[in-house]
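Asks: Using only what follows, build the 3D model:
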Amino acid sequence: MARERQNGSGGGTDLGSFLRARRTHVSPEEAGLRIGPALRRAPGLRREELAMLAGLSIDYYTRLERGRETRPGPAVVDALAGALRLDAHEHLRDLVARAAGGAREAPATPTRSVRPGVRLLLENLRPNPAHVVSRTSDVLACNPGGMRLLAGLDEWPVRRRNVARYVFLHPDAPSLFDDWDEQVRACVGRMRALAGTDPDAPDLAELVDELLLKSPDFARLWDHYDVRLRSHGCRTFHHPEVGDLTLGYQSMHLEDTPGHRLVAYYAEPGTPGYDAMTLLDAAADHA
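Replies: Below is the predicted model of the structure:
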């Protein structure tokens, strides 16, 4: 990843880059600090403020940011995660392991092959839209609604069908998602999580480099080091074929196929969302 390599060339570590980036996105008010009227030259927390919140000396924390200290213990990692207001800090633990010269077990080589039984499951989920995605959100298999829900995705070549690429680069995406801003943050957050566990993954590097080049929004968010892993919730779509629909969604890992996730959408029968997703599924049969 071009920008990652550039960031590392000036000294320090990925851990230091993460700490610097995350503290600039936590305001003193969010951290419960009272600040005076003096003008602050940079946004977010200062080093000494974060060190105080985490119960560390400023000297020790500065060494962490500059890559001179690479082996913080679990208590320090937990304290930093709390001070930085991280919802989950697996990514922070991975960065610590890498900075210390260790690493978690490398993920298995990803595959694009989807088992016949999983494809049958996708078909049996109709009319619920569903698709299988890779660790980098390539769309590997889907039922008709799962393809048409992302309006215009089917116009792209199979190898370019990727949820993150769609969200950032497809011209219809900002108007399709009611909460497009949240969608792009979630996509970047999932990619940041993968970068923490497998930073040299060639499939991730290729996608990140493309999005850094083509999307200023992605470049801005990538530098935030915000890690998010959302497995369920609700999404509202303004769909060009069936109008507005609000659907719940659930993402689940498929065992024995590393990195693959099944994402399924649903709605209560009799609701406008259920009727709309049924129409979307039926439209595929007449396309």
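Asks: Might one say that Pro258 is in contact with Ser134?
Replies: No. Using C-beta atoms under 8 Å as the test, Pro258 is too far from Ser134 to be in contact (9.5 Å). C-beta coordinates here come from the backbone N, C-alpha and C atoms, glycine included.
Asks: hey, what's in contact with both of these two?
Replies: Pro110 (C-beta atoms under 8 Å, 6 or more residues apart in numbering).
Asks: domains in this protein, as residue ranges please.
Replies: Taking automatic domain parsing as the reference, the chain has its domains at 9-99, 116-285.
Asks: Can you say which of these is nearest to Pro110?
Replies: Evaluated over the domains of the chain, closeness to Pro110 peaks at domain 116-285, with 4.9 Å, by C-beta to C-beta.
Asks: Who are the packing partners of the host helix or strand of Met191?
Replies: Using DSSP states H and E, Met191 sits within helix 180-197. Other helices and strands packing on helix 180-197, by 3 or more C-beta pairs under 8 Å, 6 or more residues apart in numbering; DSSP states H and E, are helix 90-99, helix 163-169, helix 173-176, helix 202-214, helix 216-222.
Asks: which one of the ones you listed lies closest to Glu123?
Replies: When the helices and strands packed on helix 180-197 are compared (using C-beta to C-beta), the closest one is helix 163-169, at 20.5 Å.
Asks: average pLDDT for that closest one?
Replies: In this model, helix 163-169 has a mean pLDDT of 97.
Asks: Neighbour count: Pro258 and Ser134, which is higher?
Replies: Neighbour count, other C-beta atoms under 10 Å: between Pro258 and Ser134, Ser134 has more, with 20 against 14.
Asks: residues in contact with the more buried one?
Replies: Contacts of Ser134 (C-beta under 8 Å, 6+ apart): 110, 112, 140, 203, 259-260.
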